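Asks: all I have is the shape, not the residue letters:
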Ligand code: ZN
C-alpha cells in the first residue's frame, strides 16, 4: 500500500466563495478522495495551518509520495519544513507538484531555476496531449483530452530540461505548455502537473484524477528511504578497503569535521 500525503495551502477555500463552492472540504480533501478510490493508495492530508504544516520528520519518514498544492502563501511555508521535504525527496520520497506550486519553495529548491512562466486567467479551454505514450503516468488515458476551463500557463517555463515530458498542454488563446514533466532528484521521483486552478473544477475531472493516481504509483519509491543524505562522512586511512599510507600535506586535522 502506497502512503500518500496531500498538502494543501488551504487559503482560497476559506477566502473565496467560488473556490469554497467547488471544493467545500478543500482542494486537498478532493485530491485525497481521488487517490483513496484506488485500492493501492492510502492518502491523508496536511495543510499550511497545521503545526509544522502537518509535515514533521516522523510523518515524512512514513510518506511514500507527497503531493503539493500552493498559490497565495508560498512565502509563509517554513524553510525548516522545506529542507525536511527536500531531504526526504533526495532520500527517495516521491513528490508531485501541482499547478501554481511551480513557484513553491520546494519546487524552486529542487529545480534550481526560477520556474517562471506566462499566465492568463480567462477560463479558456486546455487540450492536453500525451507526448510519451506508454508512460505509466498516462496509463488508461486517451491520446488527448480537454478541460473546458483552465488557467493558461505558457512557455517559456523556466525549469531544467525534464527527464520526460508526459503531457503537452495547448490553450485556446494559442499558447502551449509542458504540462506534465518528470525529474529525478537524488533517489526521489518528481512530477510537475500544470492543471488545477482553484476557480475551476479541475480536480473533479475523471482524467485528471486518473493522472494523479497514476503519478502516485509512478513516484512511489521502490526501495527504503536513504537516510542521512546530507552528511559527508570522513573515511579515515585505516578504514580504506585496501591498505594505504597517508602522504603529502593535509589541510584537515585527524577527526576534524568537514567544512561547510
Ligand atoms: Zn492558478
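Replies: In hand now; what should we look at? No experiment lies behind these values; they were computed from the predicted model shown.
Asks: show me what from the stretch 1-150 of the chain comes close to the ion.
Replies: Taking CB under 5 Å from the ion as the contact definition, the stretch 1-150 of the chain meets the ion at residue 100. Heads up, the C-betas are built off the backbone N, CA and C, glycines and all.
Asks: whether the host helix or strand of residue 179 contacts the ion - can you check?
Replies: Assigned by DSSP states H and E, residue 179 falls within strand 176-185. No. Applying CB under 5 Å from the ion, one finds strand 176-185 out of contact with the ion, separated by at least 12.5 Å.
Asks: pairing partners for whichever helix or strand comes after that strand, with directions?
Replies: Downstream of strand 176-185, the first helix or strand assigned by DSSP H and E is strand 188-193. Applying DSSP bridges, strand 188-193 is found paired with strand 94-98 (parallel), strand 176-185 (antiparallel).
Asks: okay if I get those as a markdown table plus mean pLDDT?
Replies: What follows is the strands paired with strand 188-193, written out as a markdown table (pLDDT from 0 to 100):
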| stretch | mean pLDDT |
| --- | --- |
| strand 94-98 | 98 |
| strand 176-185 | 98 |
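Asks: can you add mean neighbour count and give those strands back as TSV?
Replies: Output for the strands paired with strand 188-193, formatted as TSV (neighbours: other CB atoms under 10 Å):
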stretch	mean neighbour count
strand 94-98	26
strand 176-185	21
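Asks: quick one: end-to-end distance for stretch 162-178.
Replies: When the termini of stretch 162-178 are compared using CA to CA, to the nearest Å, they are 9 Å apart.
Asks: can you mark which positions in that stretch are buried?
Replies: 162, 166, 167, 168, 169, 170, 171, 175, 176, 177, 178 (16 or more other CB atoms under 10 Å).
Asks: count the residues that sit near the closest residue to the ion within the stretch 1-150 of the chain.
Replies: Closest to the ion within the stretch 1-150 of the chain is residue 100: 4.6 Å, counting by CB to the ion. When neighbours are counted by other CB atoms under 10 Å, residue 100 registers 20.
Asks: can you list the residues that contact the strand holding residue 179?
Replies: By CB atoms under 8 Å, 6 or more residues apart in numbering, the residues outside strand 176-185 that reach it are 89-90, 95, 110-111, 117, 126, 128, 137, 152-155, 157, 159-160, 162-171, 189-195, 211, 218.
Asks: does the residue of the stretch 1-150 of the chain closest to the ion touch residue 107 like I think?
Replies: No. Residue 100 lies out of contact with residue 107 (CB atoms under 8 Å); the separation is 10.2 Å.
Asks: show me the contacts for the residue in the chain that the ion sits nearest to.
Replies: At 3.6 Å from the ion, residue 197 is the closest residue in the chain, using CB to the ion. Counting by CB under 8 Å, 6+ apart, residue 197 touches 99, 100, 121, 150, 151.
Asks: next, the angle from the helix or strand containing the last one to strand 176-185.
Replies: By that I understand residue 151. According to DSSP H and E, residue 151 maps onto strand 144-154. Counting by axes from the mean of the first three to the mean of the last three CA atoms, to 10 degrees, strand 144-154 lies at 90 degrees to strand 176-185.
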